[in-house]
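Student: Coordinates for the following, if possible.
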Amino acid sequence: ALRLCRLYAQRLLEANRFVNLTAITEPEDIAVKHFLDSLSPLSKGLIAPDARLADVGCGAGLPGLPLKFALPGLKLTLMDSLQKRIRFIDGFIAEAGLDGVATAAVRAEDAGRSPAFRERFDVVVSRAVAELRALCEYCLPLVRVGGRMIAYKGPDAPARAEEARRAAKELGGGDIAVIPAPLGRGLEHHLIVVEKAAPTPPAYPRKQARIVKSPL
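Tutor: Below you'll find the predicted structure:
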């Protein structure tokens, strides 16, 4: 896992000179804000070693790739709407020789309506993508009943979780937990975990404009 983290950090910084993939470029910041943050669900026992996991709005591959480095048996799907990010990830996957990783250049709301992705995943993670009510509509349609969604959020996570309870329930979500996941250095991060209790109604997800303009 450490070898893969080093290789990934090197390739990320090389590619970042030509494609905007990350604003975090100092080695210590990459270690803490990218890798430790991405791996935080593992210390809480939230992801099984052989889970089917989707990373929605994965950007350059975070948090999905570090989770795969730590859990080689993970069956990972990385989703992002921008093809240039997926090209970078595909190149890294090939170089690193990673098995059990798929990529999809697709918008989350389109994936949520596709039989190939809808309610197919044990866990769906998302980091730095959208406000939580909207994120629930992007992610929960992808989660199987009995699975969970994990959102990586900051200091305001408890308030955002309370605000999103109605949206989560409408989308088939059940219990919501806010789990502190501090990274040190004064970085107050949380994991918001939404369990999937029932199938998502066919009306969801809506088009992106509706999701953003009128969150549930």
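Student: make it CA atoms for all contacts and neighbour counts henceforth
Tutor: Fine.
Student: Of all the residues in the lowest-mean-pLDDT helix or strand in the chain, which ones are buried?
Tutor: Between all helices and strands in the chain, the lowest mean by mean pLDDT, DSSP states H and E belongs to helix 27-29, at a mean of 91. Using 16 or more other Cα atoms under 10 Å as the test for burial, helix 27-29 gives no buried residues.
Student: show me what contacts Gly64?
Tutor: For Gly64, the contacting residues are 38, 54-55, 58, 76, 78, 125, by Cα atoms under 8 Å, 6 or more residues apart in numbering.
Student: now Arg144
Tutor: 118-122, 196, 199.
Student: what's the helix or strand for the nearest residue to it once chain neighbours are set aside?
Tutor: Leaving aside its sequence neighbours, Arg144 sits nearest to Glu119 (Cα to Cα, 6 or more residues apart in numbering; 4.1 Å). Following DSSP states H and E, there is no helix or strand that holds Glu119.
Student: Isn't Glu119 up against Gly146?
Tutor: No: in this structure Glu119 lies outside contact range of Gly146 using Cα atoms under 8 Å: 10.1 Å.
Student: And those two? Which one has more around it.
Tutor: Neighbours were counted for Glu119 and for Gly146 using other Cα atoms under 10 Å; Glu119 has more, 23 against 15.
Student: So the more buried one versus Ala104, what's the distance?
Tutor: Taking Cα to Cα, to the nearest Å as the measure, Glu119 and Ala104 are separated by 16 Å.
Student: got it, and Ala168?
Tutor: Going from Ala168 to Ala104 by Cα to Cα gives 25 Å.
Student: Please identify which of those two sits among more neighbours.
Tutor: Taking other Cα under 10 Å, Ala168 and Ala104 do not tie; Ala168 has more neighbours (27 against 17).
Student: Identify the residue nearest the more buried one in space, chain neighbours excluded?
Tutor: Per Cα to Cα, 6+ apart, closest to Ala168 is Cys136, 6.1 Å.
Student: and if you look at Arg120?
Tutor: Excluding its sequence neighbours, the residue lying closest to Arg120 (Cα to Cα, 6+ apart) is Arg144, at 5.5 Å.
Student: tell me which element the one you found falls in.
Tutor: strand 143-153.
Student: That strand: how far from the chain's middle?
Tutor: Strand 143-153 has its C-alpha centroid displaced from the chain centroid by 9 Å (Cα atoms, centre = their mean, to the nearest Å).
Student: Can you show me the helices along the chain?
Tutor: With DSSP state H as the definition, the chain shows helices at residue ranges 2-16, 27-29, 37-43, 64-70, 83-96, 108-111, 132-139, 157-163, 165-170, 208-213.
Student: Deepest in the core, which of those is it.
Tutor: helix 132-139 (a mean of 25; mean count of other Cα atoms under 10 Å).
Student: I'd say Met79 and Thr103 touch.
Tutor: Yes: contact status for Met79 versus Thr103: in contact at 6.0 Å, counting by Cα under 8 Å.
Student: Of these two, which one has the most company?
Tutor: Met79 (26 against 19).
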